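> here is a sequence with its predicted model. Questions after.
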Amino acid sequence: MDMRDDEYPVAPPAPRKGRGAVTNIQGRYERDEREAFEDGWAPDSEDGGTSPLKTQVFEERAKSILTHNASPDIPFRVSLNPYRGCEHGCIYCFARPTHSYLGLSPGLDFESRIYAKINAPELLQRELRKKNYIPEPIALGVNTDAYQPVERELLLTRRVIETLHEYGHPFAAITKSSLIERDIDLLAPMAARGQVMAAITVTTLDAEIARTLEPRAATPARRLRTIRTLSDAGVPVGVSVAPVIPFVTEPDLERVLEACAQAGATSASYIVLRLPWEVAPLFKEWLAAHFPQRADRVMARIHDMRGGKDYDASFAHRMKGEGAWAQLLKQRFDKAVKRLGLNERRHGILDMSQFKTPALPVAPNAQLSLF
């Protein structure tokens with residue numbers, strides 16, 4: 001693994017105590033400190049100005065790799081995340097608070113201190129080989145994107161998919177990155193066997209909004225092209241319109257669904273903005289910086305859909321909200337989906353029947369050891 005010492009130290013820094021520890025140098029979220037990227041991860045700017053904050057990637061040897069949940073509002077029970085933290089820097093990311101438990105900030109630390117679970121492929125193989133293992137679809141990259149810049153070098157997600165391909169194990173992947181196209185050689189044959197689905201998150205078609213909202217993720221146009229590329233390769237693709245932000249991305253809802261349907265998406269879902277824990281103050285700071293004239297309206301509408309609060313974590317309301325405005329949003333979504341024929345061309349349940357445990361390789365002198 002060829003990494004520059006100043007960018008990819010092996011050992012993480014000593015954690016600081018307290019939830020929400022802050023190490024940001026100017027502000028708590030990505031503004032001018034982090035370099036903005038389109039998909040393709042352009043090299044660092046050399047314009048002679050202030051150097052952008054470098055990403056640090058820390059190697060982590062995880063003890064386990066599959067996470068199980070029993071949430072009634074999540075369509076999967078098992079997930080796998082090769083990374084912690086995410087360079088995409090989406091201001092609304094619900095996973096930001098997880099860095100607080102490491103003694104790091106949910107702001108710039110979450111975006112610039114990435115933990116790579118370097119033993120993820122080996123841990124997955126160990127899980128799949130357990131005698132009592134019962135296969136069910138694995139959701140890949142749900143907490144933080146499995147296809148972020150460092151994946152181009154580390155190939156952890158690639159190796160995880162190679163394992164799933166070899167074992168005939170179904171999975172679904174969700175991403176904002178076009179890097180998923182790299183793995184079409186694995187995804188296409190699995191799709192032909194009914195063992196894989198993909199979802200591309202498209203929050204808005206407005207590139208200017210996307211640049212500040214999701215500064216290091218692919219542009220909206222690039223994501224649409226990724227939907228087309230996957231669809232043309234036979235991979236079932238859905239669109240996740242998430243999050244829907246009142247008065248910011250919400251006006252784009254129907255246009256996003258139309259563009260994605262034209263690009264080849266066959267299913268769609270949406271999630272209303274979620275502001276758990278430290279995400280709320282980070283988002284409010286972003287909102288005041290980029291939409292000062294409508295900031296109060298945005299938060300008032302969020303409160304209308306969240307029982308008067310920034311966030312309601314109850315299973316019944318956390319994804320879609322509640323109240324009249326939440327119902328109106330649902331009606332708009334349902335009508336657009338019906339008009340566009342989305343969610344009608346179902347691909348069925350991912351096929352579990354082809355799961356198999358490959359034989360372990362035999363050592364060259366294994367037979368001689370019997371004598």
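That came through, no problem.
> quick one: the strands in this structure, in order.
Counting by DSSP state E, the chain has strands at residues 56-60, 66-68, 78-80, 83-84, 113-117, 138-140, 171-175, 196-201, 237-244, 267-272.
> who's in contact with Pro236?
By Cβ atoms under 8 Å, 6 or more residues apart in numbering, the contact list for Pro236 reads Ala191, Val196, Met197, Ala198, Thr266, Ser267, His347. Heads up, the C-betas are built off the backbone N, CA and C, glycines and all.
> check contacts around the nearest residue to Leu340 once chain neighbours are set aside.
Nearest residue to Leu340 in three dimensions, chain neighbours excluded: Ala261, at 4.3 Å (Cβ to Cβ, 6 or more residues apart in numbering). Ala261 sits next to Ala268, Leu340, Gly341, Leu342 when contact means Cβ under 8 Å, 6+ apart.
> go again with 10 Å.
The neighbours of Ala261, taking Cβ atoms under 10 Å, 6 or more residues apart in numbering as the test, are Ile227, Val239, Ser267, Ala268, Ala336, Val337, Arg339, Leu340, Gly341, Leu342.
> follow-up on the earlier one: just the buried residues from the contacts of Pro236, in PyMOL please.
For the buried members of the contacts of Pro236, the matching PyMOL selection, counting by 16 or more other Cβ atoms under 10 Å, is:
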select buried, resi 191+196+197+198+266+267
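> what's the end-to-end length of stretch 303-323?
Using Cα to Cα, to the nearest Å, one end of stretch 303-323 lies 10 Å from the other.
> which other residues reach it?
The contact list for stretch 303-323 (Cβ under 10 Å, 6+ apart) reads 70-74, 94, 242-244, 246, 269-277, 279-281, 283-284, 299, 301-302, 324-330, 333.
> now with 6 Å?
Pro72, Asp73, Ile271, Val272, Leu275, Pro276, Ala280, Trp325, Ala326 (Cβ atoms under 6 Å, 6 or more residues apart in numbering).
> adding neighbour count, distance to Tyr311 and pLDDT, write the residues you listed out as a markdown table.
Listed next are the contacts of stretch 303-323 as a markdown table, based on neighbours: other Cβ atoms under 10 Å; distance: Cβ to Cβ, whole Å; pLDDT from 0 to 100:
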| residue | neighbour count | distance to Tyr311 | pLDDT |
| --- | --- | --- | --- |
| Pro72 | 8 | 18 | 83 |
| Asp73 | 12 | 14 | 77 |
| Ile271 | 18 | 12 | 97 |
| Val272 | 24 | 10 | 98 |
| Leu275 | 21 | 5 | 97 |
| Pro276 | 15 | 5 | 95 |
| Ala280 | 16 | 7 | 97 |
| Trp325 | 16 | 15 | 97 |
| Ala326 | 18 | 14 | 98 |
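> how about those residues, which pair is most distant?
Pro72 and Ala280 (24.2 Å; Cβ to Cβ).
> can I get the strands of the chain in a markdown table with distance to Leu253?
Below are these laid out as a markdown table (distance: least, Cβ to Cβ, whole Å):
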| stretch | distance to Leu253 |
| --- | --- |
| strand 56-60 | 36 |
| strand 66-68 | 30 |
| strand 78-80 | 26 |
| strand 83-84 | 29 |
| strand 113-117 | 31 |
| strand 138-140 | 24 |
| strand 171-175 | 19 |
| strand 196-201 | 14 |
| strand 237-244 | 6 |
| strand 267-272 | 7 |
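> now the contacts of Pro236 in TSV, with distance to Ser314 and pLDDT?
Output for those, formatted as TSV (distance: Cβ to Cβ, whole Å; pLDDT from 0 to 100):
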residue	distance to Ser314	pLDDT
Ala191	36	97
Val196	32	97
Met197	28	96
Ala198	30	97
Thr266	31	96
Ser267	26	96
His347	31	55
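> redo the contacts of Pro236 as a markdown table? Include distance to Ser79.
Converted to a markdown table, these look like this (distance: Cβ to Cβ, whole Å):
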| residue | distance to Ser79 |
| --- | --- |
| Ala191 | 20 |
| Val196 | 15 |
| Met197 | 14 |
| Ala198 | 15 |
| Thr266 | 22 |
| Ser267 | 19 |
| His347 | 20 |
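> can you tell me which of the contacts of Pro236 is nearest Leu179?
Of those, the one sitting nearest to Leu179 (Cβ to Cβ) turns out to be Ala198, at 12.1 Å.
> now the contacts of stretch 303-323 in TSV, with distance to Ala62?
Below are these laid out as TSV (distance: Cβ to Cβ, whole Å):
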residue	distance to Ala62
Pro72	27
Asp73	26
Ile271	27
Val272	32
Leu275	28
Pro276	23
Ala280	29
Trp325	41
Ala326	37
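> in helices, which of those residues fall?
Members of the contacts of stretch 303-323 lying in helices (criterion: DSSP state H): Ala280, Trp325, Ala326.
> tell me the one of these nearest His99?
Nearest to His99 among the ones in helices among the contacts of stretch 303-323, counting by Cβ to Cβ, is Ala280 at 15.4 Å.
> who's in contact with the closest one?
Residues in contact with Ala280 (Cβ under 6 Å, 6+ apart) are Asp310.
> how about a cut-off of 10 Å?
Arg274, Met299, Ile302, Lys309, Asp310, Tyr311.
> now intersect these with the helices, please.
Per DSSP H, the subset of these in helices is Met299, Ile302.
> thanks a lot, see you next time.
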